[in-house]
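Colleague: What shape does this take:
(one chain, ligands or ions: 1)
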Amino acid sequence: KNGAVIVGAGHAGVQAAASLREEGFNGSVTLIGDENELPYHKPPLSKAFMKDADAKPQMLRAEAFYTNGHIDLMLGSSVEQIDLSGRRLDLSGDRHIAFDRVILATGSRPRTLALPGSDLAGVLSLRSVADARAIREASAGCEDVVVLGGGFIGLEIAATLALGGRSVVVVEAQDRLLARAAAPVIAAHVRSRLEASGVRLLTNTTIERLEGQSGHVVAAVTSSGERLPAGLVLIGVGVVPNSELAEAAGIAVANGIRVDPQMRSSQPEILAIGDNANYRHWLSGADVRLESVQNATDQARLAARTITGQEDAYRSVPWFWSDIGDMKLQMVGLAAGVDRSVVVGEAAENRFSVFHYLGDRLICIESVNRPADHMLGRKMLAAGFSPNPATLASDDLKAQFA
Ligand code: FAD
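Modeller: Got it, this is the predicted structure:
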């Protein structure tokens, strides 16, 4: 049975299956995922799911979507090898599937640290709903939490657990939070609000080792020698792309699977999308691997168009959000090589946006509780429109754009 086989049933894979059908692909569509759950939304796992002990995972699509769309959903199945010359995939349990086209939507996994004590019980990281359940359970039964890494996921959980009465310390190796992902002014704002809500933040600090008792973590010892009590240690130090499958098949890999603007890998019948895809970005000209729902779903739509014979190039405007305590952070664009930033609104009111320019060109907007700036920013960046930076604060932005 030949057709399109999608490996990975996360945000990218499920959208690719939907888009293949929407684009009129009438071959077989097989969607293979190694998790046992019906495919679900990942962002709530560090947000709503952590707040409410009874929260259930939110399905990406209802079960009927797969049957109605004639999408053969194979859960609990792992693809172990791509046999390029034989045009088949080797699956766990000695099963095989023939293909015409493959979409690799295998996502990424949490980076692990070679840290003494990291194999103790109570040392966890978050990617899947199974991980989220384990974190929710562990946090319910402990007072002290140490979060390793001041990135979005770690800070979202830190804020929630502090609100729930836990004593939370975040340990970050860089000199500020969100070093990879947000402007210094945003990071400083996040820091001060988190501190006001009781989270302790240690920057320029790493963890040297974790201490255990009877196999369970009890403390984390920092690079400055402080012993932080911890019944739960959450490791949130970024992800690595799941690109081994491609690499083993001889497909070009460099921090993710290299793809062209149509999402084709170095082996044109194998496409890659989502967290595992590395590509030259049309906005910045840099090779990037983006980790966002927007990137995963837009690349999935494009991959389906490539397979159905269209030659569009990827030109979506990147955007992202994160909810940290009472801050809704939204980013649109890419803040590479910024040379001017203009702040609009009031950090003191927990409502402001930062407009980033490269020369006269608007390249990125980061907002805290200003969703209208974000939504307008998506349209402006898609249209290549740059408002005059001198008038951002005084003028009605919408009127300028129109
Ligand atoms: P995934 O959704 O990870 O899907 C990949 C799937 O492939 C997984 O189910 C994996 O198990 C499976 N798989 C891997 N290898 C194989 C194999 N060999 N065989 C079969 N199956 C395989 N993004 C935002 O934009 N906003 C947010 O607020 C946000 N919050 C997040 C919070 C959390 C806790 C996490 C984990 C992520 C968050 N993200 C957020 C990022 C976003 O979820 C990812 O960018 C998105 O899931 C990427 O989609 P994907 O399909 O590439 O990967």
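
Colleague: Doesn't Val344 belong to a strand?
Modeller: Yes. Checked against DSSP: H, G, I helix; E, B strand; the rest coil, Val344 lies within a strand.

Colleague: tally of neighbours for it?
Modeller: Residue neighbour count, defined by other Cβ atoms under 10 Å, stands at 18 for Val344. Bear in mind the C-beta positions are built from the backbone N, C-alpha and C, glycine included.

Colleague: I'd assumed Phe355 was in contact with it.
Modeller: Yes. Between Val344 and Phe355 a contact is recorded at 6.7 Å, counting by Cβ atoms under 8 Å.

Colleague: which residues does Met331 contact?
Modeller: Contact analysis of Met331 by Cβ atoms under 8 Å, 6 or more residues apart in numbering lists 181-182, 318-321, 364-367, 374.

Colleague: quick one, helices of the stretch 301-402 of the chain?
Modeller: 371-383, 397-401 (DSSP state H, counting those that start in this stretch).

Colleague: Mind listing the shared neighbours of Val344 and Phe355?
Modeller: Taking Cβ under 8 Å, 6+ apart as the contact rule, Val344 and Phe355 both touch Leu392.

Colleague: Of the helices of the stretch 301-402 of the chain, which is nearest the ligand?
Modeller: helix 371-383 (12.6 Å; Cβ to the nearest ligand atom).

Colleague: Tell me the gap between the closest one and the middle of its chain.
Modeller: 21 Å (Cα atoms, centre = their mean, to the nearest Å).

Colleague: Need the contact partners of it.
Modeller: Residues from elsewhere that reach helix 371-383, judged by Cβ under 8 Å, 6+ apart: 283, 317, 319, 328, 330-333, 344, 353, 362-363, 365, 367, 385-387, 397-398, 401.

Colleague: Buried residues in stretch 362-382, which are they?
Modeller: Buried residues in stretch 362-382, counted by 16 or more other Cβ atoms under 10 Å: 362-370, 373-374, 376-378, 380-381.

Colleague: near the ligand, from the residues you listed?
Modeller: Filtering the buried residues of stretch 362-382 for proximity to the ligand by Cβ under 6 Å from any ligand atom leaves nothing.

Colleague: And the furthest pair within those?
Modeller: Taking Cβ to Cβ as the measure, these span a maximum distance of 21.8 Å, between Ile363 and Asn369.

Colleague: Next one: Arg166 from Gly3, what distance?
Modeller: 49 Å (Cβ to Cβ, to the nearest Å).

Colleague: go on, Ile207?
Modeller: For Ile207 relative to Gly3 (Cβ to Cβ), the value is 48 Å.

Colleague: More neighbours: which of those two?
Modeller: Comparing Ile207 with Gly3 by other Cβ under 10 Å, the one with more neighbours is Ile207, at 24 against 17.

Colleague: Find the nearest non-adjacent residue to the more buried one, please.
Modeller: Spatial nearest neighbour of Ile207, excluding adjacent residues (Cβ to Cβ, 6 or more residues apart in numbering): Ala220 at 4.9 Å.

Colleague: average model confidence for the helix or strand harbouring that neighbour?
Modeller: According to DSSP states H and E, Ala220 maps onto strand 216-222. With pLDDT averaged residue by residue, strand 216-222 scores 98.

Colleague: Please save the CA atoms from it in PDB.
Modeller: The C-alpha trace of strand 216-222 is given here as PDB (Å, rounded to 0.1, in the frame of the first residue of the first chain):
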ATOM      1  CA  HIS A 216      14.800  10.300  45.600                       C
ATOM      2  CA  VAL A 217      16.200  13.700  45.100                       C
ATOM      3  CA  VAL A 218      16.300  15.900  48.200                       C
ATOM      4  CA  ALA A 219      18.500  18.800  47.200                       C
ATOM      5  CA  ALA A 220      20.400  20.600  44.400                       C
ATOM      6  CA  VAL A 221      23.800  22.100  45.100                       C
ATOM      7  CA  THR A 222      24.600  25.200  43.100                       C
END
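
Colleague: Can you name the element that comes right after that strand?
Modeller: Next in sequence after strand 216-222, counting helices and strands by DSSP H and E, comes strand 227-229.

Colleague: Nearest to the ligand within the stretch 1-150 of the chain, name that residue for me.
Modeller: Residue of the stretch 1-150 of the chain nearest the ligand, by Cβ to the nearest ligand atom: Gly10 (1.9 Å).
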